[in-house]
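Trainee: any chance you could fold what I've pasted below:
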Amino acid sequence: MKESRTELFVGVFLLIGLVVLGSLVLKFGNFGERFENTYPLTVTFDDGGGLLKGTDVRLGGVKIGRVHDSPSVNLDNYGGAIVKLDIYNDFQIPQGSSFSIGTSGLLGDSMIEIVVPKERNGKFIQPESIIKGERVTGLGALASSAESLSNKGQVVLEDVRTALVDIGSAVEKLDQNILREENLQSFNRAVAELADALDAINNKVLGDDNTKNLRELLANLKNASVKVDNAAVKLGPILDSGNDAISSIEPGLKKLTAAAEGADEAFEKINTGAGVFSSLLKDEEIKNDVKGFIANLRKNGILFYKDNSKPESPVEKPKRRTIFGPR
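Mentor: I've put the predicted structure just below:
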């Protein structure tokens, strides 16, 4: 009896263990999902790394489907991967939702994460639709970013090494060529000479006597400036009177201009042959008469003027009469 009872207890515990083990297998083996009704969707990714058959598809952290099969190459342009999804019929995905590859848990298991848009139009993605996926998010994205940053850091380090080598070479040339002992001594001498020159300027050029003379010169310049200002003030009325004198001269200048214009007209008439002066200049007979007149006037004067230019006709003397008749 005792042996049969023991065997019974062992059988019961063994049965319970098998039931628990079967439940765990069914639970974690997703055997129940095989009997779920689903509809297909196709998503294209630039990189489908980490996705396997049965990978979870989650919306808001809730599993709403799985990956139907391992990703395949996009044969249209060989530019990415094609992933087929099985979405449970109980869930509808709004249009405009984004599909991205993320990670979940500490182990970083890959999953497809769906994010619905903030603004919705009430429409849903239809079965067998083809959707463009977005870049990887989550730990995978961080790993990719870290790798990219690491590569860029390597490039930067190489540039830094090259720059350090160049700096070392430049410092070596500076030490050998510029910072030689001879150059340093010359520099020290130049500094000493500059100090002596500054002392000489301070003692001789900027001495007390020169400073005093400079102050006196500035004072004289100031006084001269004041005198010039006063002279300018006095010169103002003189300039005003000069302007008045110029204004009074202007009518005389206008009359003189009119007289000059009249003289020009007279000379024009003389040149063109109109008037007495033109005759005097051009007629030879009149010229001779005028010359004779002036000569007689000089010779005889005004009171005893006599024209000697023409011969006088002889006056016949009266004949003397005699007893025999005229002789």
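Trainee: next, count neighbours for the closest residue to residue 81 other than its chain neighbours.
Mentor: Using C-beta to C-beta, 6 or more residues apart in numbering and skipping the chain neighbours, the partner closest in space to residue 81 is residue 48 (3.1 Å). The way it works is simple: take the backbone N, C-alpha and C, and place the C-beta from them, glycine included. The local packing of residue 48 (other C-beta atoms under 10 Å) involves 23 other residues.
Trainee: what are the contacting residues of stretch 109-118?
Mentor: By C-beta atoms under 8 Å, 6 or more residues apart in numbering, the residues outside stretch 109-118 that reach it are 43, 50-52, 55-60, 64, 67, 83, 85, 93-94, 96-104, 133, 137-138, 140.
Trainee: what ranges do the helices span in this structure?
Mentor: Taking DSSP state H, the helices of the chain run over residues 2-28, 139-173, 181-200, 208-272, 276-282, 284-300.
Trainee: least reliable of these by average pLDDT, please.
Mentor: For the helices of the chain, mean pLDDT drops lowest on helix 276-282, to a mean of 61.
Trainee: buried sites along stretch 37-52?
Mentor: By 16 or more other C-beta atoms under 10 Å, the buried positions in stretch 37-52 come out as 38, 39, 41, 43, 44, 45, 48, 50, 51.
Trainee: quick one on the thing from earlier: can you lay out the helices of the chain as a markdown table showing mean neighbour count and distance to residue 111?
Mentor: Shown next, in a markdown table, are the helices of the chain (neighbours: other C-beta atoms under 10 Å; distance: least, C-beta to C-beta, whole Å):
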| stretch | mean neighbour count | distance to residue 111 |
| --- | --- | --- |
| helix 2-28 | 10 | 16 |
| helix 139-173 | 11 | 10 |
| helix 181-200 | 10 | 70 |
| helix 208-272 | 10 | 89 |
| helix 276-282 | 13 | 130 |
| helix 284-300 | 12 | 139 |
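Trainee: can you tell which of those helices is closest to residue 72?
Mentor: Smallest distance to residue 72 across the helices of the chain (C-beta to C-beta): 19.6 Å, for helix 139-173.
Trainee: tell me the gap between that closest one and the middle of its chain.
Mentor: Mean-position distance between helix 139-173 and its chain equals 34 Å (C-alpha atoms, centre = their mean, to the nearest Å).
Trainee: elements contacting that helix?
Mentor: Using 3 or more C-beta pairs under 8 Å, 6 or more residues apart in numbering; DSSP states H and E, the elements in contact with helix 139-173 are strand 98-104.
Trainee: just give me how far the strand it packs on sits from the chain centre.
Mentor: The answer for strand 98-104 is 47 Å, by C-alpha atoms, centre = their mean.
Trainee: show me what that strand is packed against.
Mentor: On a contact count with 3+ C-beta pairs under 8 Å, 6+ apart, strand 98-104 meets strand 109-115, helix 139-173.
Trainee: thanks a lot, see you next time.
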